[in-house]
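Chemist: I would like to see how this sequence folds:
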Amino acid sequence: MLFAGLGHLILEQYVRAGILIAAGLVVYSLTTYWPPLTALNIVLFVFAAFDAFSIGRRGFGIV
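Modeler: Here you go, the predicted model:
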């Protein structure tokens, strides 16, 4: 859970990785203006971790 999308890069899911990395960067940059978005960033990281685990384990993700 270093950064959202890195697990997808390892699993060669480049489209999902790009979407999650972009979303993570946008939410992270917005936390300087509105600190409660940190909770959304944590949710995004946890979702990305579980999704990458699901892809590695079963071959398809949560969504």
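
Chemist: list the buried residues for stretch 5-20?
Modeler: Buried residues in stretch 5-20, counting neighbours by 16 or more other C-beta atoms under 10 Å, are found at 5-9, 11, 13, 16-17, 20. Quick note: C-beta positions are derived from backbone N, CA and C, even for glycine.

Chemist: could you point out which of these is nearest to residue 40?
Modeler: Nearest to residue 40 out of the buried residues of stretch 5-20 is residue 20 (C-beta to C-beta; 13.1 Å).

Chemist: the nearest residue to residue 30 once chain neighbours are set aside: neighbour count?
Modeler: If the residues on either side of it in the chain are set aside, residue 30 comes closest to residue 37, at 5.3 Å by C-beta to C-beta, 6 or more residues apart in numbering. Neighbourhood size, residue 37 [other C-beta atoms under 10 Å]: 17.

Chemist: where does this protein dip in pLDDT?
Modeler: For the chain, the stretches with pLDDT under 70 are 1, 61, 63.

Chemist: picking that back up, give me phi/psi at the residue nearest to residue 30?
Modeler: Note on residue 37: backbone dihedrals following degrees, to the nearest 10 are phi -70, psi -10.

Chemist: does it touch residue 26 like I think?
Modeler: No: using C-beta atoms under 8 Å, residue 37 makes no contact with residue 26, being 9.7 Å away.

Chemist: overlap of the contact sets of these two?
Modeler: Here residue 37 and residue 26 have no joint contacts, going by C-beta atoms under 8 Å, 6 or more residues apart in numbering.

Chemist: picking up where we left off before, what's the distance between the residue nearest to residue 30 and residue 28?
Modeler: For residue 37, the distance to residue 28 (C-beta to C-beta, to the nearest Å) stands at 8 Å.
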